[in-house]
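# predicted model follows, preceded by the sequence.
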Amino acid sequence: MQQHRKKNDDDEISLSNYQEARFVCKGAVFTINFQPDQLKLKYIQPVERGLALSKPLVGDQSIEFQQIIGTQSMEQQRRGGGAATFELKKVDPSKQYALIIHYYVKKSGGLWKRRSLCLHSQSQLMASHLAILINKRRDEYLLRHNQSRPKRLLVFVNPYGGRKKARPVYTSVVAPLFELAGIHCDVTYTKHQNHARNHVENEDLSSYDGIVAVGGDGIASEIVNGILYKTQRDNDIALDVTSEQLSDGFHYRKPPIRIGIIPAGSTNALVYTMQGCDDAETAAIHIVVGDGHPLDVCSIHQHDGKLLKYSFAMTSYGFYGNLLRESEQMRRLGPVRYDLAGVKTFLQLHSHEAEISYLPSYQPHDVATDNSRCRYPCRVCLHGDHNKQHHVTAAASDEDDLKRSVGSSGNDITSGYVTSTVASSSASSSLSSSSDLRPGWKVERGKFTVVSSSLMSCACRKSPIGLSPSAHLADGNTDLILVKRCSKLDFFRYLTTHIGNGDRFNFSFVDVKRVQAIKYKSLASDTTTSTPSSTSVESIRESEVESNTSPRGSSCWNTDGEFIENPDICLWVHRGLIDMFARGVEP
């Protein structure tokens, strides 16, 4: 009994003097001490020459507390070939033990990678004690700086999407990181479409710190729609709105839980836009450290106010809608279906006659000439009240400027396209669909090959700067991109600018506007018009076009990779309606 008590006393003395304990790491001897914001390894001396590595560490080393993912105390075993592996074992004083510190480092291209520093010790008790102490000091640092990390996550893995790599990505990359960070995960492998959405929408999520999807933009859309529907229902907020609200603006309640996406799909536009790459390990580390960034979401409604769905990226009619429809018919071909569908859609290029109403941004902005980018820390996204809809008052204050911009007649007619400003109910009497819009809205009529709403840049590997490079993640606006009727060759030139860093908007037939809301009304009666293949100016004049016809509704809306068949919709942007596990692209 006395010997046992004496051993415990000796242990307490040795642990209280942990700063004197020596550890071997990469051919050098270090002691450990704690600074206010970092863990410091103080260099003592190199190990004996015969035991040193070819490139031993030299000098003091330090790791910021915010970089630390987690620590482990493990027994070192040497196996065949001398390769060192580490496994948890029962205490054996004859063996050497290791204190392993897992942390992240930032690499070029927006990549964050895990690194591990192994400190060898003869004392299993000392290694275990310091592993706990380092985690404790890290947590104290995070608390002082008002930083929180998730402890429990609801995880959905889509094993069928994209290249069917979500399962191995989760098991080999994500799950080990979450385990090192001490995060408990309840994992569901989805079995059918809307599996994740139905679960999120109907189950109690109060015990979770976040929801994580491993897959592509499709499962991300399911979760975003599910949590937004659930939040409105739980707070007795109507999903459908009135025609007056479609004109004036309205609010939805923000969910109290963050969402994280691990890229394992075909395009991964959401993750790429938020972190500058589609690397799964990088996305997982952002979740582990609890990074947060607001994300704009738009609600899409029928003209009578009925909610169709929520969208966080692109909503597009015309070419991209037709491309989605064609690709869905080729789903068995895998990701290559997008390229094949793109070729077929291009060869059958059509334009669609429509009336497009939009409410300009409360901050006038020339998107076409803007070379800025949404970069961390983005003053546009992270400043201002994300619960306030600025457009309700800004549109009225800009009314005089809007009227002046189109001249005293209120209309600007060029190349067959009509633009007008809704200044009063009588001013829009000739435009029936805009008669119920409040002053400040503008209206365009014409034939369009593409009508797109780009809430964010929509960057991805194939298009590194995206559809609208200067778009922001959370500024309360979307970029309305209008590609007017043009030849196939001109449209091909436009498409090729998306592959590299070309100017997407330096074309006479392309117009872009930063707006808060959009209303689309199809003006086609029975037919839509195919696009001429010739590039001459004469060939694209209305009177000289040889037209093929196809049934009205031959296009559809492509919204985050899902269909909306009804062409007549209204779209409103809600600033920062969702919080993501993300930081934004770092410069």
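Sure thing, it's come through.

# look at Glu20 and report its pLDDT.
Looking at Glu20, its pLDDT is 80.

# number of residues surrounding it?
For Glu20, the count of nearby residues is 10 (other Cβ atoms under 10 Å). Just so you know, the C-beta spots here come from the backbone N, C-alpha and C atoms, and that holds for glycine as well.

# separation between it and Gly59?
Per Cβ to Cβ, to the nearest Å, Glu20 is found 20 Å from Gly59.

# same question for Ala238.
Where Gly59 is concerned, Ala238 sits at a distance of 64 Å (Cβ to Cβ).

# cool, and Leu571?
Leu571 sits 57 Å away from Gly59, going by Cβ to Cβ.

# what of Gly334?
According to Cβ to Cβ, Gly334 stands 51 Å off from Gly59.

# what's the burial count for Ile183?
Applying other Cβ under 10 Å, we find 21 residues neighbouring Ile183.

# was I right to think it contacts Val174?
No. In this structure, Ile183 is not within contact of Val174 by Cβ atoms under 8 Å, at 10.1 Å.

# look at Leu571 and Gly59 and report which has more neighbours.
Using other Cβ under 10 Å, the more surrounded residue of Leu571 and Gly59 is Leu571, with 25 against 8.

# for the more buried one, give me phi and psi.
Main-chain dihedrals, Leu571, degrees, to the nearest 10: phi -130, psi 130.

# who's in contact with it?
When contacts are counted by Cβ atoms under 8 Å, 6 or more residues apart in numbering, Leu571 touches 298-301, 311, 315, 453, 478, 517-520.

# in the host helix or strand of Leu577, what counts as buried?
Secondary structure assigned from DSSP states H and E places Leu577 in strand 569-580. Under the neighbour-count criterion of 16 or more other Cβ atoms under 10 Å, strand 569-580 has 569-580 buried.

# same check on stretch 62-71?
Going by neighbour count (16+ other Cβ under 10 Å), the buried part of stretch 62-71 is 63, 65-71.

# ok, the buried residues of strand 569-580 vs Ser243, which is closest?
Checking the buried residues of strand 569-580 against Ser243 with Cβ to Cβ, the nearest one is Cys570 at 9.2 Å.

# so in terms of bridging, what pairs with that closest one?
Beta-bridge pairing for Cys570 (DSSP bridges): His301, Lys519.

# most neighbours among the contacts of Leu571, which one?
Within the contacts of Leu571, neighbour counts (other Cβ under 10 Å) peak at Thr478, which reaches 31 neighbours.

# that one against Trp572, yeah?
No. Contact criterion Cβ under 8 Å: Thr478 and Trp572 do not qualify, at 9.4 Å.

# overlap of the contact sets of the two?
298, 516.

# if we can go back for a sec, dump the contacts of Leu571 to TSV, plus pLDDT and distance to Phe30.
Output for the contacts of Leu571, formatted as TSV (pLDDT from 0 to 100; distance: Cβ to Cβ, whole Å):
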residue	pLDDT	distance to Phe30
Cys298	98	53
Ser299	98	56
Ile300	98	58
His301	98	62
Ser311	98	52
Thr315	98	56
Ser453	98	55
Thr478	98	53
Ala517	98	60
Ile518	98	60
Lys519	98	65
Tyr520	97	65
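
# in those, find the pair that's most separated.
It's Ser311 and Lys519 that sit farthest apart of the contacts of Leu571, by Cβ to Cβ, at 15.3 Å.

# and stretch 106-119, what's its mean pLDDT?
Averaging pLDDT along stretch 106-119 yields 95.

# for that stretch, what is the distance to the chain centroid?
Centre-to-centre, stretch 106-119 and its host chain are 21 Å apart (Cα atoms, centre = their mean, to the nearest Å).

# so what touches it?
23-25, 30, 32, 41, 61, 63, 69, 86, 98-105, 127, 177, 180, 275-277, 279, 281-282, 285-286, 585-586.

# buried only: go through the residues you listed for me.
23-25, 30, 32, 41, 61, 63, 69, 86, 98-104, 127, 177, 180, 275-277, 279, 281-282, 285-286, 585.

# which members of those residues are positioned in strands?
Mapping those onto strands (DSSP state E) picks out 23-25, 30, 32, 41, 61, 63, 69, 86, 98-104.

# the longest helix seen in the chain - what's its average pLDDT?
Secondary structure of the chain per DSSP state H: the longest helix is helix 124-144. Helix 124-144 carries an average pLDDT of 93.

# partners of the helix or strand just after it in the sheet?
Per DSSP H and E, the first helix or strand lying C-terminal to helix 124-144 is strand 152-157. Partner strands for strand 152-157, per DSSP bridges, with pairing direction: strand 184-189 (parallel), strand 210-215 (parallel).

# which of the ones you listed sits closest to Leu489?
Checking the strands paired with strand 152-157 against Leu489 by Cβ to Cβ gives strand 210-215 as the closest, at 37.1 Å.

# I figured Leu340 was touching Gln329, is that so?
No. Judged on Cβ under 8 Å, Leu340 makes no contact with Gln329 at a distance of 10.1 Å.

# common neighbours of those two, please.
Listed contacts common to Leu340 and Gln329 are nil; contacts here mean Cβ under 8 Å, 6+ apart.

# for the contacts of Leu571, give me CSV that also has distance to Lys164.
Below are the contacts of Leu571 laid out as CSV (distance: Cβ to Cβ, whole Å):
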residue, distance to Lys164
Cys298, 30
Ser299, 32
Ile300, 30
His301, 35
Ser311, 25
Thr315, 27
Ser453, 30
Thr478, 32
Ala517, 38
Ile518, 36
Lys519, 39
Tyr520, 35
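
# closest one of those to Ala264?
Nearest to Ala264 out of the contacts of Leu571 is Ser311 (Cβ to Cβ; 20.8 Å).

# quick check: bridge partners of that closest one?
Going by DSSP bridges, Ser311 forms beta bridges with Cys298.

# residues in contact with it?
221, 297-298, 300, 453, 455, 559-560, 571.

# returning to what we had before: and the furthest pair within the buried residues of stretch 62-71?
Across the buried residues of stretch 62-71, no pair lies farther apart than Gln66 and Thr71, at 14.4 Å, counting by Cβ to Cβ.

# how near is Thr273 to Thr31?
To Thr31, Thr273 is 45 Å away according to Cβ to Cβ.

# these two - which one has more neighbours?
Neighbours were counted for Thr273 and for Thr31 using other Cβ under 10 Å; Thr273 has more, 26 against 15.

# measure the more buried one to Tyr310 for me?
With Cβ to Cβ as the criterion, Thr273 and Tyr310 are 17 Å apart.

# what about the helices in the stretch 251-400 of the chain?
Assigned by DSSP state H, counting those that start in this stretch, the helices in the stretch 251-400 of the chain fall at 269-275, 280-288, 319-328, 336-347, 379-382, 391-397, 399-405.

# show me what counts as buried in the third one.
Along helix 319-328, these residues count as buried under the neighbour rule (16+ other Cβ under 10 Å): 319-327.

# distance between that helix and the chain's centre?
When C-alpha coordinates are averaged (Cα atoms, centre = their mean), helix 319-328 and its chain have centres 22 Å apart.

# please apply the same query to the longest one.
Between the mean C-alpha location of helix 336-347 and the chain-wide mean there is a distance of 25 Å, by Cα atoms, centre = their mean.

# ok, residues contacting it?
Helix 336-347 has contacts (Cβ under 8 Å, 6+ apart) with 266, 319, 322-324, 326-327, 329-331, 333, 488, 491-492, 495.

# same thing but 7 Å
For helix 336-347, contacts defined as Cβ atoms under 7 Å, 6 or more residues apart in numbering pick out 266, 319, 322-323, 326-327, 330-331, 333, 488.

# and the residues you listed, which is the shakiest by pLDDT?
pLDDT across these is lowest for Arg331, at 75.

# how near is the residue nearest to that residue when sequence neighbours are not counted to Ile499?
Excluding the flanking residues, the one nearest Arg331 by Cβ to Cβ, 6 or more residues apart in numbering is Arg337, at 6.3 Å. Distance, Arg337 to Ile499, by Cβ to Cβ: 19 Å.
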